[in-house]
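Participant: Prediction below, plus the sequence it came from.
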Amino acid sequence: MFTPYSIGGSIPLRNRIVMQSITRNRCVEDNMPGEAVIQHYVERARDGVGLIVTEGTFIWLNGAQWLHTPVMFNESHAKSWRKVTDAVHKEGAKIFFQAWHPGRQQNENMPMLKESGYPVLAPSKIPATGGKYHDPPGIADHTVNITEIIDPQEIIEQFRNSVELAKQAGFDGIEILAQGGYLLQNFLHSCSNTRTDNYGGSAENRSRFLLQVVDAILSIWPPHTIGVKICPTDNIADMSIPYAEISSTYNYLIPQLVSRGLGFINLSRRGADVPPANGADFQMAESRPAGTELPVGYDPLVEFGPLVKFEGSKTALVVNHEVTVQEGERLIREGKVDLVGFGRPFIHNPDLVSRVKRGIPLALNDRGGKVYYGDGLKPEEGYNDWPVAVQA
Ligand SMILES: Cc1cc2nc3c(=O)[nH]c(=O)nc-3n(C[C@H](O)[C@H](O)[C@H](O)COP(=O)(O)O)c2cc1C
């Protein structure tokens, strides 16, 4: 894990450790990062992480269940993130911006949508029945009031605008969030996409929207600066699809992404049969409904890894979800992945990299699930107050 790696030969990382995107709801100042957020990223950069992917950041108005989540659609948002990127760069880490559209996992009564009258947009009018982490006052569910997207170009333009601002903000690249039950995955999976136009039906059609988003971003960012986070086996927010569809969809999509010379594919293993490693206190998956079972012992890395990692591929492979330090080291040694992603461990180990270097076990969360999304806490609480193993 401590051999350097260069994404696309031009984004040099000092090691193979990637801090995964983690929504923490600490952007209390008009959905922009303040001092607490800067400190959080800087501490992890100072400790030596190779690449940080920011918490999911909404590309436009949103009505997702989280307040105090960042947005990026105007210049003041870009200016606020510039302070984060400058500070992280001073500590020698690279930082990618995570572009997020929550799709059907929204509610029109959340403040930004309510005030603006902007609708909840998704490929089809199929409400999400799972995937809730908490209920903001008076808002129990994702909406049933979905407006089917008529003009995908409107949203593609929102992505383009947002990543252009991310460039001004000094990021090294973009990670596109295409998992977790959010908009891009809503298009990919037939359980949330029953369109009969050329955005629905075949794997090619269901992949079209994501590929058009990627192509719009490619008009602003070079290919190696773009990563896509996918989770073929996802089973959160009732996104499970039958194995045959997983296989046909992602065997089409991944080569399309790789053929564009993108920087990385970040493969999450959520929903596959991986032993819990990073704490059992947090709802990370839902059960797979009948008809969406996976083959016994199925490992998405075995099926999809070779589509990314082959002789001459320009695209790096990142794996995440319940990866342990030992497993990460083995996967890199065996040439199965290029980079290893840790999510929850970065929450409670500000010194994750130092611990790995010194062989010190990673701390688990001993404070309960409340700290994750910071409900009712001050921004610093459960965020910038985790102890390090060895004082400098
Ligand atoms: C509190 C919390 C917030 C998360 N927020 C995001 C997010 O904004 N974007 C995203 O792509 N994944 C998000 N994830 C998923 C993580 O990036 C990662 O894929 C997941 O935690 C599995 O990795 P781990 O086992 O190392 O924790 C979140 C996970 C947690 C626990």
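Facilitator: In hand now; what should we look at? All values derive from a computational prediction rather than experimental measurement. Residues are numbered from 1 along each chain as shown.
Participant: The closest residue to residue 201 other than its chain neighbours: helix or strand, and which one exactly?
Facilitator: For residue 201, ignoring the flanking residues on the chain, the nearest one in space by Cβ to Cβ, 6 or more residues apart in numbering is residue 195 at 7.3 Å. Where you see a C-beta, it was placed from the backbone N, CA and C, and this is true even at glycine. Assigned by DSSP states H and E, residue 195 belongs to no helix or strand.
Participant: Residue numbers of the stretch 151-300 of the chain in contact with the ligand?
Facilitator: 177, 180, 229, 268, 278, 282 (Cβ under 6 Å from any ligand atom).
Participant: Farthest-apart pair in those residues, please.
Facilitator: 177 and 278 (19.5 Å; Cβ to Cβ).
Participant: CA atoms only for stretch 319-333 - export them in PDB, please.
Facilitator: The C-alpha trace of stretch 319-333 is given here as PDB (Å, rounded to 0.1, in the frame of the first residue of the first chain):
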ATOM      1  CA  VAL A 319     -12.000  -1.400  -4.400                       C
ATOM      2  CA  ASN A 320     -14.000  -0.400  -1.300                       C
ATOM      3  CA  HIS A 321     -16.500  -1.800   1.200                       C
ATOM      4  CA  GLU A 322     -15.400  -3.800   4.200                       C
ATOM      5  CA  VAL A 323     -11.800  -3.900   3.000                       C
ATOM      6  CA  THR A 324      -9.400  -4.700   5.800                       C
ATOM      7  CA  VAL A 325      -5.800  -3.500   5.800                       C
ATOM      8  CA  GLN A 326      -4.500  -7.100   5.300                       C
ATOM      9  CA  GLU A 327      -6.900  -7.700   2.500                       C
ATOM     10  CA  GLY A 328      -6.000  -4.400   0.800                       C
ATOM     11  CA  GLU A 329      -2.300  -5.200   1.000                       C
ATOM     12  CA  ARG A 330      -3.000  -8.600  -0.500                       C
ATOM     13  CA  LEU A 331      -5.100  -7.300  -3.300                       C
ATOM     14  CA  ILE A 332      -2.400  -4.900  -4.300                       C
ATOM     15  CA  ARG A 333       0.400  -7.400  -4.000                       C
END
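Participant: what's the average pLDDT for that stretch?
Facilitator: For stretch 319-333, mean pLDDT rounds to 97.
Participant: from memory residue 218 sits against residue 263, does it?
Facilitator: No: look at residue 218 against residue 263 with Cβ atoms under 8 Å: they stay out of range, at 11.4 Å.
Participant: what is in contact with those two at once?
Facilitator: residue 226 (Cβ atoms under 8 Å, 6 or more residues apart in numbering).
Participant: Flag every residue of the stretch 1-150 of the chain that's near the ligand.
Facilitator: Proximity of the stretch 1-150 of the chain to the ligand (Cβ under 6 Å from any ligand atom) is limited to residues 20-23, 55-56, 98.
Participant: what about 8 Å?
Facilitator: By Cβ under 8 Å from any ligand atom, the residues of the stretch 1-150 of the chain that approach the ligand are 20-24, 53, 55-56, 98, 100, 133.
Participant: Widest-spaced pair of these?
Facilitator: Taking Cβ to Cβ, no two of those sit farther apart than 53 and 133, at 19.3 Å.
Participant: more crowded one of the two?
Facilitator: residue 53 (27 against 14; other Cβ atoms under 10 Å).
Participant: The more buried one touches residue 175, doesn't it?
Facilitator: Yes: with contact defined as Cβ under 8 Å, residue 53 and residue 175 form a contacting pair (4.9 Å).
Participant: shared neighbours, these two?
Facilitator: Common neighbours of residue 53 and residue 175, using Cβ under 8 Å, 6+ apart, are 21, 96, 98, 227, 229, 266.
Participant: Mind checking which of those residues are buried?
Facilitator: 21, 96, 98, 227, 229, 266 (16 or more other Cβ atoms under 10 Å).
Participant: which of these lies closest to the ligand?
Facilitator: Set against the ligand, the nearest of those by Cβ to the nearest ligand atom is residue 21 (3.6 Å).
Participant: Report the contact partners of the residue in the stretch 1-150 of the chain positioned nearest to the ligand.
Facilitator: Of all residues in the stretch 1-150 of the chain, residue 56 sits closest to the ligand, at 2.9 Å by Cβ to the nearest ligand atom. For residue 56, the contact set (Cβ under 8 Å, 6+ apart) comprises 21, 23, 69, 98, 100, 177.
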